[in-house]
Structures are given as structure tokens and as C-alpha cells.
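Visitor: only geometry, no sequence info:
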């Protein structure tokens with residue numbers, strides 16, 4: 001009998017992309033019917049995943065979908081978020097679905113607290129994908145080594161010739177390079193300021209990179225992108241101009257990407273583009289570095305070692321708690337640029 005499994009991850013972009021090996025393994029190895037519960041603003045990531053049979057989404061409250069979920073005879077609820085909302089879902093289903101079991105992701109909150117607050121390292125050297133998969137290992141599911149998934153609908157792919165015509169009309173040589181995919185992507189955003197290079201450093205980095213250079217980010221990054229493009233000729237600011245799938249399409253067609261620790265970093269890895277990942281207040285040891293298929297690691301990590309204050313948060317801050325922001329201000333821009341330029345020569 002085909003199993004029916006509900007997977008829960010409400011947010012955010014990168015975290016949902018990181019669940020895709022679990023989705024794929026459950027579908028392919030168990031032949032299960034896979035349902036996924038997330039937040040409304042992230043459902044487009046899951047809607048196009050061919051390994052997901054049905055998507056549920058909430059705007060604010062689990063009550064928006066609980067009645068529908070209760071009509072589904074789930075064999076297993078896989079909680080990859082482990083928060084109050086996911087607990088409410090499990091409680092809501094427990095009474096009606098006696099045969100449904102639950103399996104919950106362990107967040108390592110204590111180990112992360114120790115690392116952030118007293119710099120005692122009890123972090124396991126395991127990627128979060130491996131820990132996500134622990135929730136379904138009792139079913140005989142194993143990691144297939146195939147990395148992350150990201151699926152782009154055909155209608156949201158970006159035509160580079162149209163972009164070149166609109167943005168590089170009077171620069172035919174740069175336009176030709178863009179159309180040929182001979183460009184780098186620079187992700188300038190991140191949810192928290194302490195994960196982002198300051199704008200003046202992004203300008204300095206852009207000046208060291210070949211053009212055309214595409215700036216990637218959301219609507220909130222557009223102002224900073226405009227500032228960079230005003231100073232550095234041949235920079236195309238796409239922040240806020242495309243959907244998430246559109247930005248992913250630009251990544252997919254690029255030679256490689258420079259990115260902060262953010263959702264587009266994981267999308268870059270899912271699309272098998274080489275990455276320079278730039279780390280500020282967070283650290284790769286938290287287990288959320290770019291994951292490529294086994295034997296295909298294409299990530300180069302850039303971080304400022306030896307700072308006693310780092311990591312200062314497991315997520316991020318609006319500003320550096322110490323005021324110096326050395327974890328980003330001391331980043332080796334020359335090395336970042338040199339590594340990324342190497343992507344163009346492959």
C-alpha cells in the first residue's frame with residue numbers, strides 16, 4: 001500500500017530548498033504520496049516540484065488548513081520546522097489519525113547557543129540535509145547523494161537576449177557576453193545586515209569583476225543595487241525585477257555566483273552553479289553551507305577566521321553588536337574576485 005506522508009517546513013527560501021533531498025528520497029525510495037505544508041509566500045518553490053503531490057499553505061495560522069489536513073489519512077508527519085505551528089499541526093492530527101506517526105527534526109538549539117554565546121563547539125560536523133534525513137531513516141530512506149533540487153517553470157525562465165536588449169542596448173560587446181552566459185551573478189542581499197557585505201565593499205568587489213555583472217536580490221535590495229550600478233559601468237541591477245524563479249533562471253544561465261549566506265546561495269547549489277559563499281556573522285559549521293552532489297563540490301568558502309566574537313548569532317543582526325563588523329569589512333575581496341573570475345574560464 002502506498003504511504004501518504006506530510007512534510008512540514010514553513011520558511012524560508014533556503015530552508016525549503018534544503019528539504020528537497022528528503023522530498024525526493026521519500027518519493028523515489030518509498031513510492032509515497034508526498035504532501036508539503038509551508039507558508040503562502042514560499043509555496044511557489046514547492047508547487048513545481050515533481051516529487052510533491054499536493055501543497056498546503058498558510059498565511060498566518062494553521063487553522064487555515066487543519067480541517068483539510070484532517071481529511072488526509074497520513075501514515076507519517078515529518079516535521080522539519082519544529083516550532084509552535086508545526087506542533088499545533090501534530091496535535092491537531094493526533095486525535096483523528098491514530099495510525100499516523102510523527103518524526104521531528106532536531107534543531108541543535110543547545111549546541112548553537114553554546115557556540116554563539118560561550119564559543120564552546122559542540123556542533124556535529126553534519127550538513128543539515130543529513131539531519132533532515134534522520135527523520136525518515138527509520139523507514140529505510142537513505143541519502144542518494146544527488147544534492148538539492150530547484151525547478152524553474154518554463155514560463156518564468158529569463159530570455160537573456162531580451163534582458164541584454166533592455167539593459168545593454170548601447171554596449172554590444174557586453175550584451176553579446178550576457179547572451180552567451182559569459183557573466184557572473186553577485187547576490188547582494190540577505191535577510192539580516194550582518195550577513196551582507198556593506199555597499200561600499202560591494203562596489204569595490206564589483207570593480208574587480210569582469211562585466212557584464214548581474215546583481216541579484218529581492219525588491220528590498222534594489223536601492224543598494226542602483227547605487228552599485230551607478231558607480232560601476234557594465235553592472236546590471238536585476239534586484240526586484242524578477243520573481244524568485246526568474247532570479248534562479250539568471251543564476252542557472254550564469255558562469256557562477258558570488259553570494260552571501262542566503263536563499264539564493266542554496267538555489268545556486270541546487271542549479272549546480274559554482275559558488276563563492278561569503279560568510280559574516282554566521283558560520284558554515286552550523287551545517288547550512290552549499291550542498292552539491294557527491295563528488296561535485298563547487299563551493300569556495302570565504303570567511304574571516306580568528307574573530308573571537310564570531311558567530312554572534314545563529315541567524316543575524318540588524319547591525320554588528322561590537323560595532324566593528326570585521327567579519328565582513330575584513331573579507332578578502334581580491335581572493336573572492338579571483339576565484340569567481342576562474343568560473344568564467346572553465
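Guide: Done, it's in. Computed from a prediction, not measured in an experiment: that's the story for all the values here.
Visitor: Quick one: the helices in the stretch 51-200 of the chain, in order.
Guide: Ranges of helices in the stretch 51-200 of the chain, per DSSP state H, counting those that start in this stretch, are 66-70, 84-94, 109-117, 128-133, 160-167, 172-179, 199-207.
Visitor: can I get these in TSV with mean neighbour count?
Guide: Where you see a C-beta, it was placed from the backbone N, CA and C, and this is true even at glycine. What follows is those, written out as TSV (neighbours: other C-beta atoms under 10 Å):
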stretch	mean neighbour count
helix 66-70	14
helix 84-94	16
helix 109-117	15
helix 128-133	19
helix 160-167	16
helix 172-179	18
helix 199-207	18
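Visitor: so which of these comes closest to residue 17?
Guide: Set against residue 17 and scored by C-beta to C-beta, those come closest in helix 128-133, at 10.1 Å.
Visitor: any idea how far the closest one is from the chain center?
Guide: Chain-centre distance of helix 128-133: 15 Å, with C-alpha atoms, centre = their mean, to the nearest Å.
Visitor: contacting residues around the longest strand anywhere in the chain?
Guide: Criterion DSSP state E: the longest strand present in the chain is strand 33-39. Applying C-beta atoms under 8 Å, 6 or more residues apart in numbering, the set of residues contacting strand 33-39 from outside is 2-11, 16, 23, 26-27, 45-46, 49, 51-59, 65, 69, 72, 74, 89.
Visitor: what does stretch 73-84 give?
Guide: 3-11, 19, 22, 26, 32, 35, 86-87, 89-90, 93, 97, 99-107, 132, 135-136, 139.
Visitor: switch to 7 Å and redo it
Guide: Residues outside stretch 73-84 that contact it (C-beta atoms under 7 Å, 6 or more residues apart in numbering) are 3-10, 19, 22, 86, 90, 93, 97, 99-105, 107, 132, 135-136.
Visitor: swap in stretch 228-240?
Guide: Judged by C-beta under 7 Å, 6+ apart, the contacts made with stretch 228-240 from elsewhere in the structure are 167-168, 171, 174, 188-189, 199, 202-203, 206-207, 211-219, 221-222, 225-226, 247, 250.
Visitor: Show me which positions of that stretch end up buried.
Guide: Of all the residues in stretch 228-240, those buried under the rule 16 or more other C-beta atoms under 10 Å are 228-229, 232, 234-239.
Visitor: what's the spacing between it and its chain's center?
Guide: Using C-alpha atoms, centre = their mean, the distance from the centre of stretch 228-240 to the centre of the chain it belongs to is 23 Å.
Visitor: pLDDT averaged over that stretch - what is it?
Guide: Along stretch 228-240, the predicted local confidence has a mean pLDDT of 97.
Visitor: nearest spatial neighbour of residue 48, skipping sequence neighbours?
Guide: Sequence neighbours aside, residue 151 is the residue nearest to residue 48 in space, at 4.4 Å (criterion: C-beta to C-beta, 6 or more residues apart in numbering).
Visitor: Before we move on, what's the pLDDT of the one you found?
Guide: Listed pLDDT for residue 151 reads 98.
Visitor: That one: how many residues sit nearby?
Guide: 17 (other C-beta atoms under 10 Å).
Visitor: That one and residue 142, how far apart?
Guide: In this structure, residue 151 lies at 23 Å from residue 142, with C-beta to C-beta, to the nearest Å as the measure.
Visitor: got it, and residue 227?
Guide: Taking C-beta to C-beta as the measure, residue 227 falls 48 Å from residue 142.
Visitor: For my notes, confirm residue 5 occurs in a strand.
Guide: Yes - counting by DSSP: H, G, I helix; E, B strand; the rest coil, one finds residue 5 located in a strand.
Visitor: That one against residue 27, yeah?
Guide: No - under the criterion of C-beta atoms under 7 Å, residue 5 is not in contact with residue 27, lying 9.0 Å apart.
Visitor: Neighbour count for these two, which is higher?
Guide: Each of residue 5 and residue 27 had its neighbours counted (other C-beta under 10 Å), and the higher figure belongs to residue 5 (25 against 18).
Visitor: Return the residues in contact with that one.
Guide: By C-beta under 7 Å, 6+ apart, the residues touching residue 5 are 26, 32, 34, 74-76, 78.
Visitor: partner residues bridging it?
Guide: According to DSSP bridges, residue 34, residue 76 are recorded as the beta-bridge partners of residue 5.
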